[in-house]
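Enquirer: The following block contains a protein sequence and its predicted model.
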Amino acid sequence: MISYTTKASDIFVFIYKKESDVMKFYPEGKNQDLSRQFDSVDELKDAMLQGDVIESKVLLCDREHNLHVDLGAVRGIIPRVEGAIGIEDGSVRDIALISKVNKSVCFSVLGFQRDIYDNNLAILSRRAVQQRCMDEYLNHLEEGDIIDARVTHLERFGAFIDIGAGINALIPIDMLSVSRISHPAERLTEGQNIKVVLRKKEPDKMTFSLKELLGSWSENAQNFSAGETVTGVVRSIEDYGVFVELAPNLAGLAEPQDNLFVGQQVAVYVKSVIPSKMKIKLVVVETFDDIAKPSPLTYYYSDNHIDNWQYSPEESAKQIYTQF
């Protein structure tokens, strides 16, 4: 039996892993194979000896901010200091634990102890899994690598994402799409699973981007032809015209019209598509009162790494690209 103390520095975490194994860490809640219920304590002990990563929903965050989960055969507890990297030194606030109630979290088994009723209690660590995720996965990423992520929180300046084992990173709002938006909620929803590309790697943080995966101007424009009437979303209203988003990485300019508002759904007639100027000329033919909801994302890049991305057509005088 392994004893435990709430001081993370005193806990010995036993993890077994073959040298030839390469483990990929997913955002919490994405890999359903990690969600397990155990029929016996012995089965859970085997998971501990093998260093298994397990997931379960948090049932309770108690007054000491320990997280409680149901493992089937026994109840499990993630002590506060084991709840996340940074909790013990104060660099991560306790709200990061409180907000996990009724959400899936990952953890490994540290050991067992008896509670006050002499029942077996599994002592778990989310922090240990996050450290493994950093050491074995995230620290090996390079700029241009494409990974799975999950949207956890939206702020005006960008979208926070889980890039593995509950570790958060940011997509700045200007990297969510080429088409400009006033708030990330116009592009994404909390809990959404997405693909992202590592835009910048620094010693203390990683910054990710989405727009490079959503297609070039030409890839998006090929879905629209002159003479068609399609739906769009008003993104900006200027004196000289109205910018209407046709896709996250494509917007056209419609002639000025009264009584429009940003975020409004509209039907537009496509007058012309001009690749050399990266322009699509539109006419608003009908308006709707509904605020547009984020549409499903279409990815135009299926590999796991990208070295460079050119948004603009070759014949365009203005060149827009990203070099990773």
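Expert: Nice, I can see it.

Enquirer: how about the strands in the stretch 101-250 of the chain?
Expert: 104-114, 120-125, 146-155, 158-162, 168-172, 193-201, 206-209, 229-238, 241-247, 250-254 (DSSP state E, counting those that start in this stretch).

Enquirer: Is it possible to get TSV of those strands that adds distance to residue 179, mean pLDDT and mean neighbour count?
Expert: For every residue, glycine as well, the C-beta is placed using N, CA and C. What follows is the strands of the stretch 101-250 of the chain, written out as TSV (distance: least, C-beta to C-beta, whole Å; pLDDT from 0 to 100; neighbours: other C-beta atoms under 10 Å):
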stretch	distance to residue 179	mean pLDDT	mean neighbour count
strand 104-114	32	95	21
strand 120-125	42	95	22
strand 146-155	17	97	20
strand 158-162	15	98	23
strand 168-172	15	97	20
strand 193-201	16	97	19
strand 206-209	14	98	21
strand 229-238	6	96	18
strand 241-247	4	97	22
strand 250-254	5	98	23
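
Enquirer: Out of those, which is closest to residue 39?
Expert: Evaluated with C-beta to C-beta, the strands of the stretch 101-250 of the chain place strand 120-125 nearest to residue 39, the distance being 13.4 Å.

Enquirer: Out of the strands of the stretch 101-250 of the chain, which gets nearest to residue 64?
Expert: strand 120-125 (14.0 Å).

Enquirer: Residues contacting that closest one, please?
Expert: 2, 4, 11, 13, 41, 44, 54, 69, 71, 73-79, 82, 107-115 (C-beta atoms under 8 Å, 6 or more residues apart in numbering).

Enquirer: what's the longest helix seen in the chain packed up against?
Expert: Identified as the longest helix of the chain according to DSSP state H is helix 126-136. Where contact means 3 or more C-beta pairs under 8 Å, 6 or more residues apart in numbering; DSSP states H and E, helix 126-136 is packed against strand 104-114.

Enquirer: what bridges to the closest residue to residue 47 other than its chain neighbours?
Expert: Spatial nearest neighbour of residue 47, chain neighbours left out: residue 109 (5.9 Å); criterion: C-beta to C-beta, 6 or more residues apart in numbering. Note on residue 109: beta-bridge partners by DSSP bridges are residue 124.

Enquirer: now do residue 198
Expert: Beta-bridge partners, per DSSP bridges, of residue 198: residue 208.
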